[in-house]
Every structure is written in structure tokens, then in C-alpha cells.
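Enquirer: just coords:
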């Protein structure tokens with residue numbers, strides 16, 4: 001089954017939701033805008049379900065962002081709190097990361113604690129040069145833990 005209903009007008013394929021919106025509002029859809037189905041059902045073309053949004057807003061909506069007042073918010077999948085764009089790290093390609101800055105920092109600290117040898121300032125080079133020493137420290141640490149000794153130099 002097709003996701004959207006389609007109509008053929010003078011041999012041209014046109015999406016039904018675009019026809020419904022244009023007929024109700026009496027104007028053409030601007031080039032930089034899209035019609036969003038509020039309930040997520042692409043076959044529900046009732047006027048109440050159709051919303052005119054910019055292309056960037058449409059992308060945000062489909063990436064989990066929602067607008068509350070004038071602010072865009074997204075639920076962090078780690079802490080399950082709604083946060084604004086400023087509370088997410090922005091990637092080089094200008095997209096926000098999946099989790100908020102606080103959860104990202106917690107995840108990073110946890111990784112650093114469980115993998116200390118990989119988080120040295122010159123980690124890759126340092127690890128290659130001191131691999132045997134690091135492995136020996138880890139072996140001794142496991143032995144002390146097994147013996148119930150809490151001292152860690």
C-alpha cells in the first residue's frame with residue numbers, strides 16, 4: 001500500500017494532501033515549504049491533520065524535535081528530559097548529537113573510568129609505547145580485587 005494518496009491531473013502526478021491544503025487555503029504551497037501530516041498517517045488528508053511547515057522545520061519534526069512556544073525541544077533518549085537545541089552538542093555537519101550534553105559528559109566519564117589507558121592525552125601513541133606496563137598494572141589490579149585488597153596505587 002502506498003504511503004500517500006496520489007492524483008493525476010492533466011498527466012501530472014500530484015500528492016493529494018497538497019491539493020487538499022491548497023484548495024482549503026486558496027493559495028499555492030511556497031517552494032521552501034512542505035505539508036506535514038500531524039498524526040503521522042500519510043493517508044489522512046483531512047485539513048485539520050495538514051500543517052504547512054518550512055523544509056527545515058519538517059526535518060526537525062521527523063528527527064524527534066517538537067516546538068513548544070517559540071522554542072524547539074527534543075527528548076534526550078538517555079535521561080528522557082525535553083531539552084533545547086543549546087543543550088546538545090552540534091556536530092561538524094551542523095546536526096545535534098542524539099543525547100544531551102549532560103548525558104554525553106556522563107557517558108564520556110564512565111568510558112574514561114572503564115578505559116583509562118585509552119584516554120591519555122596522547123592515548124594511541126602512549127598505549128603503544130607503554131602497552132606491557134599498562135597490561136601489568138591491569139593484571140595486578142585484578143589480582144588485588146580478587147584478593148579483596150582495596151589499595152590502588
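Expert: Good, I have the coordinates. Computed from a predicted model, the values in this text were never measured in an experiment. Numbers count the residues shown, from 1 in each chain.
Enquirer: Every contact and neighbour count from this point should use C-alpha atoms.
Expert: OK.
Enquirer: Across the sheet, point out what pairs with residue 71.
Expert: Bridge pairing for residue 71 (DSSP bridges) gives the partners residue 68.
Enquirer: I'd assumed residue 84 was in contact with it.
Expert: Yes: using CA atoms under 8 Å, residue 71 is in contact with residue 84, at 7.0 Å.
Enquirer: Tell me which of those two has more neighbours.
Expert: residue 84 (17 against 11; other CA atoms under 10 Å).
Enquirer: How about the secondary structure of the most centrally placed residue in the chain?
Expert: Geometric centre of the chain, nearest residue: residue 98, 3.3 Å, by CA atoms, centre = their mean. With DSSP: H, G, I helix; E, B strand; the rest coil as the basis, residue 98 sits in strand.
Enquirer: Please verify my assumption that it contacts residue 74.
Expert: No: at 9.3 Å, residue 98 and residue 74 do not qualify as touching, with contact defined as CA under 8 Å.
Enquirer: Could I get the average pLDDT for the longest helix anywhere in the chain?
Expert: Assignment by DSSP state H gives helix 131-147 as the longest helix of the chain. On average, the pLDDT along helix 131-147 is 85.
Enquirer: The helix or strand bottoming out on mean pLDDT in the chain: which residues count as buried?
Expert: Lowest by mean pLDDT, DSSP states H and E among the helices and strands of the chain is helix 123-129, with a mean of 71. By 16 or more other CA atoms under 10 Å, the buried positions in helix 123-129 come out as residue 127.
Enquirer: what's the domain layout of this protein?
Expert: By the assignment in automatic domain parsing, the chain contains the domains 1-62, 64-114, 116-147.
Enquirer: Which of the ones you listed comes out lowest on mean pLDDT?
Expert: Looking at the domains of the chain, the bottom one is domain 116-147 with a mean of 77.
Enquirer: Please, where are all the helices along this protein?
Expert: Going by DSSP H, the chain shows helices at 16-25, 55-62, 101-114, 123-129, 131-147.
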